[in-house]
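S.K.: Sharing a model prediction with you, sequence too.
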Amino acid sequence: MFFGHKPSPETIKRFLDGQLEQPFSYPEVGATRATTPPGYNVDHNRIRLGEGREMFARAVGALKRWNMFEMDWVEIFPKNEPVVVGSTVAILVSHLGFWSLNASRIVYIFGEDAKSEQFGFAYGTLTEHSEKGEERFTVEYHPADKSVWYDLFAFSRPRHLLARAGYSFSRRLQKRFARDSLKAMEIAVKK
């Protein structure tokens, strides 16, 4: 959904309420667990956040608080949505003087065991999203060198007519999101 101005909190809530029962916009739900389906753009980005179990715990907390969306041109709604399978969120994006509102739902979560060396989740696009596909957010602890990593993995392709018409711009936005998400996580774990 596109707007010529920033939508009000009431508009965003109505939009989100209307998405709660909507289906995913792609058939390969859960595919970020294994191999990506053909015909999609694939993006994979990583950053080393630091080292140690304490750093890993901070990184897990940052993911659960959606800190990877803390950037000046993207907002997540609701800001305190719990990271549980089935949670639906709206992603508000500001670009070139207009705004887009996109809906996604958490598909799966992994690594919730206290002894796990990974934690993450994936969300998939719903029918009111300018793209279609899935994105996985992961933090990892590597015991061999005690390093902690944030990993962002996605497959997508344009769904909305404007996203298809502005394909190169859409791809630039996706790459910008990945870069800024890595930076947001880096900042979040240092707080």
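M.R.: In hand now; what should we look at?

S.K.: CA atoms for contacts and neighbours, from now on please.
M.R.: Noted.

S.K.: any weak-confidence spans in this structure?
M.R.: When the per-residue scores of the chain are filtered using pLDDT under 70, the ranges that remain are 162-164.

S.K.: can you map out the helices along this structure?
M.R.: Shown for the chain, the helices assigned by DSSP state H span residues 9-19, 53-64, 161-165, 167-188.

S.K.: Present those helices as JSON lines; the columns should include mean neighbour count.
M.R.: Converted to JSON lines, these look like this (neighbours: other Cα atoms under 10 Å):
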{"stretch": "helix 9-19", "mean neighbour count": "15"}
{"stretch": "helix 53-64", "mean neighbour count": "19"}
{"stretch": "helix 161-165", "mean neighbour count": "13"}
{"stretch": "helix 167-188", "mean neighbour count": "17"}
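
S.K.: Distance to residue 127 for those - can I get that in JSON lines?
M.R.: Listed next are those as JSON lines, based on distance: least, Cα to Cα, whole Å:
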{"stretch": "helix 9-19", "distance to residue 127": "8"}
{"stretch": "helix 53-64", "distance to residue 127": "24"}
{"stretch": "helix 161-165", "distance to residue 127": "13"}
{"stretch": "helix 167-188", "distance to residue 127": "17"}
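
S.K.: Of all those helices, which one comes closest to residue 119?
M.R.: Within the helices of the chain, the stretch nearest residue 119 is helix 53-64; the backing value is 6.4 Å (Cα to Cα).

S.K.: name the helices or strands packed onto the closest one?
M.R.: If you count contacts as 3 or more Cα pairs under 8 Å, 6 or more residues apart in numbering; DSSP states H and E, helix 53-64 packs onto strand 118-125, strand 131-142, strand 147-158, helix 167-188.

S.K.: of those, which approaches residue 4 most closely?
M.R.: Put simply, out of the helices and strands packed on helix 53-64 the one that sits nearest residue 4 is helix 167-188, at 17.5 Å, with distance taken as Cα to Cα.

S.K.: Distance from the chain centre to that closest one, please.
M.R.: Once both centres are worked out by Cα atoms, centre = their mean, to the nearest Å, helix 167-188 turns out to sit 10 Å from its chain's centre.

S.K.: the inter-axis angle of that helix versus strand 131-142?
M.R.: 30 degrees (axes from the mean of the first three to the mean of the last three Cα atoms, to 10 degrees).

S.K.: what sits against residue 64?
M.R.: Residues touching residue 64, when contacts are defined by Cα atoms under 8 Å, 6 or more residues apart in numbering, comprise 82, 83.

S.K.: any idea how far residue 184 is from it?
M.R.: Noted for residue 64: a distance of 14 Å to residue 184, by Cα to Cα, to the nearest Å.

S.K.: if we can go back for a sec, closest one to residue 126 among the helices of the chain?
M.R.: Using Cα to Cα as the criterion, the shortest distance between residue 126 and those is 7.6 Å, found for helix 9-19.

S.K.: So which residues make contact with that closest one?
M.R.: Contacts of helix 9-19 with the rest of the structure, by Cα under 8 Å, 6+ apart, involve 77, 88, 89, 90, 101, 103, 126, 128.
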